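Q: no sequence for this one, just the structure:
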């Protein structure tokens, strides 16, 4: 709003100058300066919107740090296939596979609540989706296997090997 006020004041001053001096070059010059001012001020909004639309990992969120943090929680054997993105300007979505000991679903729900609370407090992640697994790397799922082993399968190769 302050930017709008300043541009309006510049236009008003330009009009007053035109009443007394015929400086017609001033109008295009001030127009270009106003456009540059607007672009400079809206760049952060445009880059944030682009990040949201492209599902980019939020700035300041290091997935390796999140992975190390989650791996230290008691009951978690391994964490892999992590993804984080902006749901909106104020909300962060997150998903990962959490490898745990074979246990009752009710026990993994307790662990899930603990993980969700920890993610919210430590990283500001307010929409985590956790997939619990008891087999290493999703029991052979292609994307999960690539995430765990850090390699790309070659054509015709078996990713479960």
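A: Sure, I can see it. Fair warning: this is a prediction, and the values are worked out from it, not measured in the lab.

Q: buried residues in stretch 104-112?
A: Of the residues in stretch 104-112, those with enough neighbours to count as buried (16 or more other Cβ atoms under 10 Å) are 108, 111-112. C-beta here means a position set from N, CA and C on the backbone, and glycine is covered the same way.

Q: From the rest of the structure, what touches that stretch?
A: Surrounding stretch 104-112, the residues in contact under the criterion Cβ atoms under 8 Å, 6 or more residues apart in numbering are 73, 75-76, 98, 100, 130, 132.

Q: top of the residues you listed by neighbour count?
A: For those, counting by other Cβ atoms under 10 Å, the largest number of neighbours falls to residue 98: 22 neighbours.

Q: Now stretch 15-34: buried residues?
A: 30, 34.

Q: For it, which outside residues touch it?
A: If you take Cβ under 8 Å, 6+ apart as the criterion, stretch 15-34 is touched by 7, 10-11, 14.

Q: Now restrict the residues you listed to buried residues only.
A: If you count burial by 16+ other Cβ under 10 Å, the buried members of the contacts of stretch 15-34 come out as 7, 14.

Q: circling back: can you tell me which of the contacts of stretch 104-112 is nearest residue 117?
A: Sorting the contacts of stretch 104-112 by how near they are to residue 117, with Cβ to Cβ, puts residue 73 at the top with 10.5 Å.

Q: just checking, residue 123 touches residue 63?
A: No. Using Cβ atoms under 8 Å, residue 123 makes no contact with residue 63, being 9.9 Å away.

Q: higher neighbour count, those two?
A: When residue 123 is set against residue 63 and neighbours are counted by other Cβ under 10 Å, the residue ahead is residue 123, at 21 against 14.

Q: List the residues that contact that one.
A: Under the criterion of Cβ under 8 Å, 6+ apart, the neighbours of residue 123 are 61, 66, 69, 92.

Q: distance of it from residue 53?
A: Applying Cβ to Cβ, to the nearest Å, the value for residue 123 to residue 53 is 22 Å.

Q: all helices in this structure, in order from the N-terminus.
A: Assignment of helices within the chain using DSSP state H yields the ranges 2-20, 26-53, 63-71, 105-123, 142-149.

Q: The ones you listed: which one's closest to residue 88?
A: Taking the helices of the chain one by one with Cβ to Cβ, helix 26-53 is closest: 7.1 Å.

Q: Run the angle between that closest one and helix 2-20 for me.
A: On the basis of axes from the mean of the first three to the mean of the last three Cα atoms, to 10 degrees, helix 26-53 is oriented at 170 degrees to helix 2-20.
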